[in-house]
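Trainee: structure here, sequence nowhere to be found:
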């Protein structure tokens, strides 16, 4: 299939995968909420690294800027605003642990079975190495402002509405 | 070329995305704190985005990455609204455990 990913790409893939999956497990199971938030930081960086390995430079940078710079800061604010100080060491006990692990494990196994059962090489594809594919930013920007102009403008309206609505809901009161 | 780990194919990336998705799913259904549930939801979105970008490279087509751009925009909006609701829940109920939010239960 591929035209020869070098050893560097392979090492980077496994290193970033280990970082992403390990910290995702920690984020989903950590007893303290702040620990979850900070493991999520490592997960987002790991996924950004995988985007880099995949050669989508724009998505890697967007992932870091929006998730780490925006969503994660928002989540940490949420933790700090809602986790009262006396409860800081309260452990949020997970419940239904065994059924949940079995269910999500079965979900993963089903997906993995479908994925490994697919003969990807027979699907129409033009798999290119990152170096061949070249930078993606210009092409993404071009398609955002031509083919996807309407969704792009809708997303800006969505963000404006969310800005107003979130401020209104968080402020509370009946006015 | 020396292959220590074997070739990295599209299925590697998609299996990784399924793994992140499953971990997020496990977090969503086991945790009680609404903020941690939101974090696990973001994990699931990240897994789905990873599959989009992997298929985008598989087909050498940027549409998948454009879609990921919109998913990230919607995820940011969702996180903002959800946190506003969580803060309101915290004010009304004095806690953010989802077991507190059972007003709509029949």
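Mentor: Sure, I can see it. Just so it is clear, the model here is predicted, and its values are computed rather than measured. Numbers count the residues shown, from 1 in each chain, chains lettered A, B, ... in the order given.
Trainee: give the burial count for residue A:142, as a bare number.
Mentor: The tally of other residues near residue A:142 (other C-beta atoms under 10 Å in any protein chain shown) stands at 12. Bear in mind the C-beta positions are built from the backbone N, C-alpha and C, glycine included.
Trainee: spatially nearest residue to the residue nearest in space to the middle of chain A (excluding sequence neighbours)?
Mentor: With distances taken as C-alpha atoms, centre = their mean, the residue of chain A nearest its centroid is residue A:44 (5.5 Å). Closest residue to residue A:44 in three dimensions, ignoring its sequence neighbours and counting by C-beta to C-beta, 6 or more residues apart in numbering or on different chains: residue A:67, at 4.3 Å.
Trainee: ok, now residue B:36?
Mentor: residue A:36 (5.3 Å).
Trainee: same check on residue B:71?
Mentor: Going by C-beta to C-beta, 6+ apart, residue B:71 has residue B:49 as its nearest residue, at 5.7 Å.
Trainee: what does residue A:105 give?
Mentor: Counting by C-beta to C-beta, 6+ apart, the residue nearest residue A:105 is residue B:22, at 6.9 Å.
Trainee: hang on, isn't the one you found packed against residue A:108?
Mentor: Yes: counting by C-beta atoms under 8 Å, residue A:108 is a contact partner of residue B:22 at 3.6 Å.
Trainee: of the two, who's got more company?
Mentor: Using other C-beta under 10 Å as the criterion, residue B:22 and residue A:108 rank with residue B:22 on top: 27 against 19.
Trainee: what helix or strand is that one located in?
Mentor: Using DSSP states H and E, residue B:22 sits within helix B:10-30.
Trainee: quick one: mean pLDDT for the next helix or strand after that helix?
Mentor: Sequence-wise, the next helix or strand downstream of helix B:10-30 (DSSP H and E) is helix B:34-58. Regarding helix B:34-58, the rounded mean pLDDT is 92.
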